[in-house]
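[1] next input, structure requested:
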Amino acid sequence: MAEIGNMSDIAGLVAGPKANNATTANAISPLDEDDSSLSSAASDIFDRLPSNKRASSGSWEVDANGNWHRYGSLESATSTGISSICSSTAADDVLKDRSSGPSSSKKRMSDGTIKVALPSSSISSGSAGTPRSIEQRGISTEQRGISTEQNGKLKPQQKRRGRPPKDKTTVQPLKPRHRTASLISTMQGDVKPRSAIPYTLPISTFASQCIEAAHASRLDPYVLHAGEHALLADRITSAEVTVYLNVRNAILRLWIQNPRCCVTVEEAAGCAKEGRFYGLAEVAYKWLTRNGYINFGCVEVPQNPTTSAKPKRALKQKTVVVIGAGVAGLTTARQLEGLFAQHSDHWLERDEKPPKVVILEGRKRIGGRVYSKPLRTQKPHDLTGDLRNTAEMGAMIVTGFEHGNPLDPVIRGQLGLQYHLMTDALTIYDTNGKPVKEKRDMLNTELYTDITDRTGDFRAMAQPRNMLKGDEDLIKRSRDPMPGGYNSFKLEPLPEPLGGKPKTVMKRGRRLNAPPVTEKLTGRAQVVEASTDTVKAAQAATEMGWKVKEGVSKHDTVSLKPIAEATLYPTLGAVMDNAITQYQSLLEMTSQDMRLLNWHHANLEYANAAPVSWLSLSGHDQDTGNEFEGAHSEIIGGYTQLPRGLMNLPTKLDVKFQSIVDSIHYDDHLEDDSLRTRIVCTDGQVVDADEIVVTAPLGVLKSEAIDFDPPLPHWKMGAIDRMGFGLLNKVVLVYNQPFWDETRDMFGLLNEAEHADSLNPSHYERRRGRFYLIWNASKTSGRPVLIALMAGHAAHQAEVTDTSTLVNEVTDRLRRVFSPSVPLPQEVIVTRWKQDPFTRGTYSFVAPRTQPQDYDLMAKSVGNLHFAGEATCGTHPATVHGAFLSGLRAAADVMESMIGPIKLPSPLVGPPTVKQETSTGFFARAAPTPTPVSRPQALPATYSSATATLASAEPQIKQEPSSMPLHSIPAAALPTVPRKSVCAADPSFWIPDTFDSHLTYETCILSLISSKIGDRALKPLRPGVNPFLLFTKAHWDECREFCNEDPKLRDVRNIIRTTLGIRWKALSEAEKVPWVEQSVAAQGEADRARKEWEAGVQRWDEEAKRIREEFMKERPPPEGFSGELGGDGGKRKTNVSACVGLGM
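    Model prediction:
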């Protein structure tokens, strides 16, 4: 497996130029304003990682966070968190609600084809497979057949004794083989089944890791993804769905365990438990690789050795042009280069070189809206690793690493970037500078949550899609379905993590009941609260702790339906403000309450980059349920290290800076004659291309700064026009010394209405987002830095307000909160993203006219023109990880356009293998030709017909009962007159005339012993009963009946177990005495049974020894027989008599 370089080299590569030792603090004025364009930073171009700096596999190193781990692995899981998974409640609900639709029963036939039968038809197939062994499950990395002498000459390895040596002149050096994914289904002779399943790992632990890996990859471990469903729905049976999911989850486990190493095709094949399922492993590997679930990011993929060889003649080469070097563009280019390398055979077979990828970037830098601007005053050694002092102009938060964030393997696993985990402590200060009382803050938070929940009744709900589903019980145990069905199949009990309810994830944030979405980007995951439409507003407010007005009944409530249905396109802000006005008629609310409620409005405007009055009522939170878990974090030294890593590792991408695109001429595939595809830049540069990926922000597309020829279709332009593109600005303040609490990551400021102490919601709209939240960026920048946010209408005001006015206003607010002596900042940076011609804003939002499918329409390709960016990712819009995911998706679209859809192997699943039993020794000796004799009665016709056609020794496979011919049933040879007694009590039944092997002789002895004294008794098992288990068994049914009365309870089994555990701990020692006595009695009974077994076994052994000696005296053993095979004293590890009976 190829690996990327060690962490120290990677950190130096992505961090950029180190901090300059010379500081410029004395050269700047007390107020140093940096109001330069966001697009005019110096070019960030770095050299490729030297090959001699790469660490060797297996060596130990310290990662960027100071934790030791082995190179090429992620053993410090506590720090990197690569293998840690947290499941949200919302995600669990989605998984449990999914169910596959009705479908006809399908069966894999003996020739590998699928036969569709009625749902009631039974499936019967022969058993296949070999038992699991260490040899089969171990991964072999040695090349066999060649060894090297000291003088460098090749010689064959030493052969086993007794075999004739081969002619040395015929031995040829092994040539390296480039195995592609299309060869997985043909690897039965090269790769052993289960070779990627560690045999030292308990199967329950392995199953748990596979399930967690699927969750960490945003996939349901028990259900096919929509793409997998479309690929396999008509090609596999219901039982094979479970097999496929087990293989797919096992491949994901390999990637999640170590994303610094590429998952190879051999490892993918080794995830199958039988060789006939290598076709499923091939499909899973191809689909996961193409769609960016494995082998993505800054990982080096295996290269085809023939690609790097110098061609005999010039080969043609196609070109893919990516417009924009932001996270989406860099991810697309990086993923395409990896996919082109893995599918290089496709082009080499056509006498072409794999396509090249070119990125056109209009700025002098990479990153797009991820921009860590270096501060003018650099102080070395303030950050570990001599990282630069920077401030985030755009994206700054990683919104949770767990539950599927694709940036987790890249940031923590591949690049090893340092990060700061954010705390949830937050204090809000009123306009007078005094902190708001926590009780009042909580009252308004709960009220805002209630209002948000009531507006959720008008949310547009996504329609569930039925996908093929595997057997959840088997997948939780990593077991494939039995070939013969489940009649005699019993599942073992699951361990606690898999059998019970998943561990509940504590909701982050200072408020446990914070409203949905509002704090999505301020340091906590999104919270989805239950609907409160059944609770009257007055009653709900009273339960929160509010004081209702006199004359208000507990049955009084608010009605939002009239305002929601007043217009064709209702907005979230209008409905929520109406709800606040209705609550004012029920509750005693003050102007401070209005400032607090509007602070939450500002927070919601920050999350969506738009005023709440611009948001769609039904779709503003359409990404609900896709949030990641875990503490939010910031990248120390700057978020720009992520795009730098994508550009430079493992090889440097071809980025052409200051290439401003003027027009794009593409082929829409609607004309018979293909159009020439090219990009024309403003400086006259023309770039020819075969495929184009546009990652320009939605704001640029809305401004029509790029001319498309032919014009984009109406459905694409309609989506661009309907969607919203918002704005968020920042005021960065750099000081010499901090005057705030450095242990806090943020604090909030309330804003006064345009009319002081007003209770009218509209009076707060324009000012509520001014410096409403201030971040403490000292830990990530290495300098005393505060970043004040301008959200909602305030973001647009910052575009036209001069810097000195903004600085004076925010300084006045800080002096009220902390001290009148708060100085002016030494350096100021004000972002004005609306004025940046390469963005025209910050990120997208759902406007009132936006339709549910618009994000999908934005992502849809037009001919050979493809699109990526956060505005094309409907599941994770307005985020860096959303842009990253869109790049992976766009790369898959390009691959499908260039080489077509994924090709399935044929046959997809091989026929079941039937173990052909063979006999040796006495039971295999050839019988003489029988002499015809007259039988008293004729054999039944069915028996005669069944035995008359038994000439073929080919293995037979059971077909469906309705179509199974009798002549296909194998039978034994025709019965003849027995040569000896058929009574088991007669010694001649067991004894042959001659003994042709030691095994035959020993078999006869064991058979004789078994016929006379029976089998050796098995050792009794320990009861394993303790007092608590006895107590649980006695009260289980009682507790279950009580829990079943509440239909809302989930995972009753775990609740019962927990309840009984609490009851047991509450018992006094005297109350536990009966259960302890029962346990002692059970142990005593077990000891008595063991003593009886020991005495009985001793008698059996003595009698068996006597029978053996008598037999050996009467019938001397064959020459060389030294005694009993496989044991001493007549003891046997298996029931040999059963084998003898089957052999007859």
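
[2] so who does Leu336 touch?
    Contacts for Leu336 (Cβ atoms under 8 Å, 6 or more residues apart in numbering) come out as 320, 322, 355, 357, 891, 894-895. The C-beta positions use only the backbone N, C-alpha and C, and glycine is treated the same way.

[3] among those residues, which ones are in strands?
    With DSSP state E as the criterion, strands contain 320, 322, 355, 357 from among the contacts of Leu336.

[4] ok, the third one touching Lys316?
    The one in question is Pro355. No - checked against Cβ atoms under 8 Å, the pair Pro355 and Lys316 is beyond contact range at 10.1 Å.

[5] and these two? Which one has more around it.
    Pro355 (22 against 9; other Cβ atoms under 10 Å).

[6] residue ranges of the strands in the stretch 251-400 of the chain, please?
    In the stretch 251-400 of the chain, the strands defined using DSSP state E, counting those that start in this stretch lie at 316-323, 352-360, 372-374, 390-392.

[7] tell me the most buried of those?
    Highest mean neighbour count of the strands of the stretch 251-400 of the chain: strand 390-392, a mean of 27 (counted as mean count of other Cβ atoms under 10 Å).

[8] helices and strands around that strand, which ones?
    With contacts taken as 3 or more Cβ pairs under 8 Å, 6 or more residues apart in numbering; DSSP states H and E, strand 390-392 sits against strand 372-374, strand 729-734, helix 778-781, strand 785-790.

[9] what mean pLDDT would you report for the next helix or strand after that strand?
    Remark: after strand 390-392, the chain's next helix or strand is helix 407-408, criterion DSSP states H and E. Across helix 407-408, pLDDT averages out at 96.

[10] which residues sit against helix 407-408?
    For helix 407-408, contacts defined as Cβ under 8 Å, 6+ apart pick out 81-82, 216, 398, 401-402, 642, 880-881, 884.

[11] ok, now with 6 Å
    Helix 407-408 has contacts (Cβ atoms under 6 Å, 6 or more residues apart in numbering) with 401, 881.

[12] state the number of residues packed around Pro907.
    The local packing of Pro907 (other Cβ under 10 Å) involves 17 other residues.

[13] surely it is within a helix?
    No - looking at Pro907 with DSSP: H, G, I helix; E, B strand; the rest coil, it is coil, so not inside a helix.

[14] dihedrals phi and psi, it?
    Backbone torsions of Pro907, given as degrees, to the nearest 10, read phi -80, psi 150.

[15] what's the helix or strand where Val687 lies packed up against?
    Using DSSP H and E, Val687 falls within strand 686-688. The contact analysis (3 or more Cβ pairs under 6 Å, 6 or more residues apart in numbering; DSSP states H and E) places strand 686-688 against strand 678-681.

[16] so what does the strand it packs on touch, helix or strand wise?
    Strand 678-681 is packed against strand 661-665, strand 686-688, with contacts defined by 3+ Cβ pairs under 6 Å, 6+ apart.

[17] in its sheet, which strands sit next to it, and in what direction?
    strand 661-665 (antiparallel), strand 686-688 (antiparallel) (DSSP bridges).

[18] which of the ones you listed is buried the deepest?
    Among those, strand 661-665 has the highest mean neighbour count (mean count of other Cβ under 10 Å), at a mean of 18.

[19] dump that one to CSV, keeping only the CA atoms.
    What follows is strand 661-665, C-alpha atoms only, in CSV (Å, rounded to 0.1, in the frame of the first residue of the first chain):
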residue,chain,number,x,y,z
VAL,A,661,-12.4,33.1,-17.3
ASP,A,662,-14.4,35.2,-19.8
SER,A,663,-16.3,32.5,-21.7
ILE,A,664,-16.8,28.8,-21.7
HIS,A,665,-17.6,27.0,-25.0
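
[20] between it and strand 352-360, how big is the angle?
    Angle of strand 661-665 versus strand 352-360, following axes from the mean of the first three to the mean of the last three Cα atoms, to 10 degrees, is 140 degrees.

[21] got the angle for strand 661-665 vs strand 316-323?
    Relative orientation of strand 661-665 versus strand 316-323 (the same axes, to 10 degrees): 130 degrees.

[22] what lies in contact with strand 661-665?
    Residues outside strand 661-665 that contact it (Cβ under 6 Å, 6+ apart) are 323, 678-682, 706-709.

[23] go again using 7 Å as the cut-off
    Strand 661-665 has contacts (Cβ atoms under 7 Å, 6 or more residues apart in numbering) with 323, 360, 675-682, 692, 706-709.

[24] ok, the residue nearest to Leu646 when sequence neighbours are not counted - contacts?
    Distances taken as Cβ to Cβ, 6 or more residues apart in numbering place Leu330 nearest to Leu646, at 4.0 Å, with adjacent residues excluded. Applying Cβ under 7 Å, 6+ apart to Leu330 gives the contacts 366, 643, 646-647, 653.

[25] of the residues you listed, which is the nearest to Asn760?
    Pro643 (45.0 Å; Cβ to Cβ).

[26] any idea of the pLDDT on that closest one?
    Note for Pro643: predicted pLDDT of 97.

[27] make sure Val828 is indeed in a strand.
    Yes - under three-state DSSP, Val828 falls within a strand.

[28] on that earlier part again, would you turn the helices and strands packed on strand 678-681 into a markdown table with mean pLDDT and distance to Leu865?
    Putting the helices and strands packed on strand 678-681 into a markdown table (pLDDT from 0 to 100; distance: least, Cβ to Cβ, whole Å) gives the following:
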| stretch | mean pLDDT | distance to Leu865 |
| --- | --- | --- |
| strand 661-665 | 97 | 7 |
| strand 686-688 | 96 | 14 |
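
[29] adding distance to Val301, write the ones you listed out as TSV.
    What follows is the helices and strands packed on strand 678-681, written out as TSV (distance: least, Cβ to Cβ, whole Å):
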stretch	distance to Val301
strand 661-665	29
strand 686-688	26
